[in-house]
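Peer 1: got a sequence here, can you build the structure:
(chains A and B)
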Amino acid sequence: MARITAGIATSHVPAIGAAFDQGRSRDDYWGPVFAGYDWVKTWEEVEKPDVVILCYNDHASAMMLDVVPTFALGMAEEFEPADEGWGKRDVPVVQGHIELAAHLAEQLVLDDFDLTLMNNLDVDHGCTVPLSLMFGKVDEWPCKVIPLAVNVTQFPTPSGNRCWMLGEAIAHAVESFPEDLNVQIWGTGGMSHQLQGPRAGLINPEFDNAFLDGLTADTDGLRSITRLEYLRESGTEGIELIMWLIMRAALGAEVEELHRFYHVPASNTAVGHIVLRPKAIGAVAQAA
Amino acid sequence: MRKRPYPLSELEDIPGTTVFTAKRSREAYHLHKFCMSLMDPANRAAFKDHERAYLNKFRMSEEQKRAVQDRDFNTLIDLGGNIYFLVKLSNTDGWSTQRAVGSMTGMTADEYAAMMRGGGRSPEGQRSIREGN
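Peer 2: Numbering: from 1, shown residues only, chains lettered A, B, ... in the order given. Take a look at the predicted model:
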């Protein structure tokens, strides 16, 4: 049986990818950012996930113009890095897991989540920057990846509570997949930041740290945060944090915090990173 | 009427902020189509070679075309644009996202970078126009 063994959250700032690709990851500005990910890189070498379900948002690279899906699941054998205006990142092609993706597509729609299924999808920094942060510079990514893109750009995004419910459904779907797979789920984006208008540059460490605390201590509180509250408190792009709730919900009622990192700034953004372990691995479906 | 947690007019109450909606998305459709065309190196070269001629291939408003040529990101957002599309333009120019974003604040690039290094813009006084908090 497949099981979700851990959840990871991280910001996915494009400038982090640029610093990584250009060999600036240990300079004065970027050194403290990348140092926050040394722990997880070592840990992942031991964990060796078979598949990562990677919740991210497309930044007008493959979607958002002609089609604006609320939840879009990547079904393909592979996903090419997108050219976001300065050439493709020199990172490996992301390899999908078509059997588990098809199973998720089936189970999640049966559970009343009206997914969009992407048979062809280029992935942008939202997907590839977290992979670089967790696995470093590699010739091939060490695991399969199922991208799950969420609309966090065009109002109304899904609510935080809806994301939570999707995460719960993902846990059930994974646990009903017969193959023995070590699955991780990642929530990316955030933390507080605003990339537009005279209020650009907004950072709210109090909100961010309360959110990090809430992932273990007050998940009901996090589920009830409204879209308006995200926009006011964490900036227009801070609402990406709803994707962390998909990850968190997929881990079941109780989790152990293994690692946490918070740093301001990376370019325009507050960087947050947390690694969580479910207290009862594989027990979500039984508990229901 | 179905119950909502807050009236949507509240979205207009955040200082210095434009919430990107389906209506705005449609108003900026051709602007955004132009932006996404810059994901192709050949199109980037054609745009750089003759900006106006390239822009004229798209059914954008005159105001949108002028704001693109001026790299006036606040006006592009007023005209429906969203930053994730617009950074395709600033990336084509070789700008960092921080430079593009900072250009909307009335600060110089150095001033904005210094503010971010100092911890960013505090939310105090930036949450609500009505409440002033």
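
Peer 1: alpha carbons only for contacts and neighbour counts from here, please
Peer 2: Noted.

Peer 1: just the helices in the stretch 1-150 of chain A please.
Peer 2: Counting by DSSP state H, counting those that start in this stretch, the segments of the stretch 1-150 of chain A that form helices are A:14-21, A:31-35, A:38-47, A:98-110, A:125-135.

Peer 1: any idea which of those gets closest to chain B?
Peer 2: helix A:14-21 (7.5 Å; Cα to the nearest Cα).

Peer 1: tally of neighbours for A:Thr226?
Peer 2: 17 (other Cα atoms under 10 Å in any protein chain shown).

Peer 1: and the pLDDT at it?
Peer 2: Listed pLDDT for A:Thr226 reads 98.

Peer 1: contacts only, for it.
Peer 2: A:Thr226 is in contact with A:159-160, counting by Cα atoms under 8 Å, 6 or more residues apart in numbering or on different chains.

Peer 1: re earlier: looking at the helices of the stretch 1-150 of chain A, which one has the lowest mean pLDDT?
Peer 2: In terms of mean pLDDT, the lowest-scoring of the helices of the stretch 1-150 of chain A is helix A:14-21 (a mean of 94).

Peer 1: how about stretch B:24-35 and chain A, any contact?
Peer 2: Yes: judged by Cα under 8 Å from any Cα of the partner chain, stretch B:24-35 comes into contact with chain A through B:25, B:29, B:32-33.

Peer 1: returning to that earlier point: of the helices of the stretch 1-150 of chain A, which stretch is the most buried?
Peer 2: helix A:125-135 (a mean of 23; mean count of other Cα atoms under 10 Å in any protein chain shown).

Peer 1: between helix A:14-21 and it, find me the angle.
Peer 2: 50 degrees (axes from the mean of the first three to the mean of the last three Cα atoms, to 10 degrees).

Peer 1: what lies in contact with helix A:125-135?
Peer 2: Surrounding helix A:125-135, the residues in contact under the criterion Cα under 8 Å, 6+ apart are A:10-14, A:16-17, A:20, A:34, A:37, A:40-41, A:44, A:54-59, A:81, A:91, A:141-142, A:147, A:188-189.

Peer 1: which one (most neighbours) among the residues of stretch B:24-35 next to chain A?
Peer 2: Neighbour-wise, those (other Cα under 10 Å) top out at B:His32, 26 neighbours.

Peer 1: how much space between B:Ala113 and chain A?
Peer 2: B:Ala113 sits 8 Å away from chain A, going by Cα to the nearest Cα, to the nearest Å.

Peer 1: how many residues are close by that residue?
Peer 2: With other Cα under 10 Å as criterion, B:Ala113 counts 19.

Peer 1: contacting residues around it?
Peer 2: The contact partners of B:Ala113, taken as Cα under 8 Å, 6+ apart, are A:267, B:98, B:102.

Peer 1: low pLDDT regions in chain A?
Peer 2: Per-residue confidence for chain A (pLDDT under 70) gives these ranges: A:283-288.

Peer 1: pull up the residues of it that are close to chain B.
Peer 2: Taking Cα under 8 Å from any Cα, the part of chain A that reaches chain B is made up of A:15, A:59-61, A:65, A:83-87, A:153-156, A:195-204, A:228, A:232-233, A:236, A:264-265, A:267-268.

Peer 1: if we use 6 Å, what do you get?
Peer 2: Residues of chain A found near chain B, taking Cα under 6 Å from any Cα of the partner chain as the criterion, are A:59-60, A:83-86, A:154-155, A:195, A:197-199, A:201-203, A:232, A:264, A:267.

Peer 1: circling back: just the ones of the residues of stretch B:24-35 next to chain A in helices?
Peer 2: Using DSSP state H, the subset of the residues of stretch B:24-35 next to chain A located in helices is B:25, B:29, B:32-33.

Peer 1: neighbours around the residue nearest to B:Lys65 when sequence neighbours are not counted, how many?
Peer 2: The shortest distance from B:Lys65 to any non-neighbouring residue, by Cα to Cα, 6 or more residues apart in numbering or on different chains, is to B:Leu55 (6.5 Å). By other Cα under 10 Å, 19 other residues sit near B:Leu55.

Peer 1: look up phi and psi at B:Leu55.
Peer 2: The phi and psi values for B:Leu55, taken as degrees, to the nearest 10, are phi -60, psi -30.
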